[in-house]
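Participant: predicted coordinates and the sequence they were generated for:
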Amino acid sequence: MHETDQVFAGSIPEFYDRYMVPLIFESFAADLARRAASLSPSAVLETAAGTGVVTRALAPGLPPGASYVVTDLNQPMLDFAASRQPPDSRIEWRRADALALPFEDAAFDLVCCQFGAMFFPDRPSAYREARRVLKPGGRFLFSVWDRIEENVFADDVTNALARMFPDDPPRFMARTPHGYHDRALIRGELEDAGFSPVAIETRADQSRASSPRIPAVAYCQGTVLRNEIEARDPGSLEAATDYAAAAIADRHGSGEVAAKIQAHVILAVAQAQEAGVKQIHERAP
């Protein structure tokens, strides 16, 4: 993963929330929130919260006495999320790195994360941190996108931009959001981090928009793909968006459009932390 794949700054958070969230995230957020609330957690940590689509869906389903710490590494995304959330004394907003969580051991019943694990530069470390801050028997509930070929609009845009920039195709979508989909790898990394059992469910849905331009704007201007386009040609963002919109229209029509999206939803149970592992963590600088 490129270091720039984590830079959601400038106008990206606003475009992300306006276009990407309703296009691909809302239905999965509602599903993740339902699963999380059914576990009746009293202390919840959300990592890589983005613009807060899961937070908005989950907070109403938590008990009045619950605590809910919402974190993201990217401060502009976290600020945008907080601005969209109604006042709620149960919620604490905090910038935090999922690879080095600033919380005590066994502090939470549930750690949840929607479509964030793909961005972690060291997923095994992030999983060990999630296990560390969970109580024994606590749950780690998260989702990752399936391969890009199962997520049609993302694939359409990626292929269109490869034709527009044949010498240096922007590959952000395939490389990062859709680059971590191997179920055996996911299960193995979680088990190595101290989670068992690990349940992985593959869930398909439909991505819908009122016109082909909506998914083109969503991907080209509401994700880090924007940075890749502008790095290749600073004045080409609108032309690239138009080109992607035309490609989607050619395949799906010029009116309302719909296409498949697919993700893996993972529920892993934290095992009791071995004393030796805990001591190593405590001695680490």
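Facilitator: Nice, thanks for sending it over.
Participant: CA only for contacts and neighbour counts going forward, please
Facilitator: Will do.
Participant: for the strand or helix carrying Ile214, packing partners?
Facilitator: Mapping Ile214 onto the secondary structure by DSSP states H and E places it in helix 213-221. Where contact means 3 or more Cα pairs under 8 Å, 6 or more residues apart in numbering; DSSP states H and E, helix 213-221 is packed against helix 12-15, helix 152-164, helix 225-232, helix 237-252.
Participant: only C-alpha atoms, please: export the helix or strand that the longest one is followed by in PDB.
Facilitator: If you walk from helix 237-252 toward the C-terminus, the next helix or strand you reach (DSSP H and E) is strand 257-270. Listed next in PDB are the C-alpha coordinates belonging to strand 257-270 (Å, rounded to 0.1, in the frame of the first residue of the first chain):
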ATOM      1  CA  VAL A 257     -27.800   2.700 -12.800                       C
ATOM      2  CA  ALA A 258     -27.300  -0.300 -10.500                       C
ATOM      3  CA  ALA A 259     -24.400  -2.800 -10.100                       C
ATOM      4  CA  LYS A 260     -23.200  -5.500  -7.800                       C
ATOM      5  CA  ILE A 261     -21.100  -4.700  -4.700                       C
ATOM      6  CA  GLN A 262     -19.700  -7.500  -2.400                       C
ATOM      7  CA  ALA A 263     -17.800  -7.600   0.900                       C
ATOM      8  CA  HIS A 264     -16.700 -10.000   3.600                       C
ATOM      9  CA  VAL A 265     -18.200  -9.400   7.100                       C
ATOM     10  CA  ILE A 266     -16.000 -10.900   9.900                       C
ATOM     11  CA  LEU A 267     -16.800 -11.700  13.500                       C
ATOM     12  CA  ALA A 268     -13.900 -12.900  15.600                       C
ATOM     13  CA  VAL A 269     -13.800 -13.700  19.300                       C
ATOM     14  CA  ALA A 270     -10.900 -12.500  21.500                       C
END
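Participant: now do strand 257-270: distance to the chain's middle.
Facilitator: Relative to its parent chain, strand 257-270 has a centroid offset of 11 Å by Cα atoms, centre = their mean, to the nearest Å.
Participant: what average pLDDT does that strand get?
Facilitator: On average, the pLDDT along strand 257-270 is 98.
Participant: strands paired with it, and their directions?
Facilitator: Partners of strand 257-270 in the sheet, by DSSP bridges, are strand 134-145 (antiparallel), strand 195-209 (antiparallel).
Participant: element containing Pro124, please.
Facilitator: Short version: Pro124 belongs to helix 123-133, going by DSSP H and E.
Participant: before we move on, the earlier item: angle of the helix holding Ile214 against helix 152-164?
Facilitator: Counting by axes from the mean of the first three to the mean of the last three Cα atoms, to 10 degrees, helix 213-221 points 60 degrees away from the direction of helix 152-164.
Participant: when you give positions from now on, start the count at 54
Facilitator: Sure thing, new numbering starts at 54, so read that last one as helix 266-274.
Participant: quick one: helix 266-274 to helix 278-285, angle?
Facilitator: 60 degrees.
Participant: how many residues are close by the closest residue to Ala159 other than its chain neighbours?
Facilitator: Excluding the flanking residues, the one nearest Ala159 by Cα to Cα, 6 or more residues apart in numbering is Lys188, at 4.0 Å. A total of 20 residues lie near Lys188 under the criterion other Cα atoms under 10 Å.
Participant: hmm, Lys188 is touching Glu182, no?
Facilitator: No - shown here, Lys188 and Glu182 do not form a contact pair, counting by Cα atoms under 8 Å, at 11.9 Å.
Participant: returning to what we had before: residues making contact with the helix holding Pro177?
Facilitator: Under the criterion Cα atoms under 8 Å, 6 or more residues apart in numbering, residues 151-154, 156-161, 164, 170, 173, 193, 242-243, 245-248, 323-324, 326 lie in contact with helix 176-186.
Participant: flag the shaky bits of the stretch 204-338 of the chain, pLDDT-wise.
Facilitator: 327-338 (pLDDT under 70).
Participant: from Asp208, how far out is the residue nearest to Ala159?
Facilitator: 39 Å (Cα to Cα, to the nearest Å).
Participant: same question, Phe133
Facilitator: 28 Å.
Participant: related to what we said a few turns ago, kindly calculate the angle that the helix holding Pro177 makes with strand 187-198.
Facilitator: 140 degrees.
Participant: report the buried residues of helix 176-186.
Facilitator: 176-186 (16 or more other Cα atoms under 10 Å).
Participant: equivalent analysis for stretch 76-96, please.
Facilitator: Buried residues in stretch 76-96 (16+ other Cα under 10 Å): 76-83, 85-86, 89-90, 94-96.
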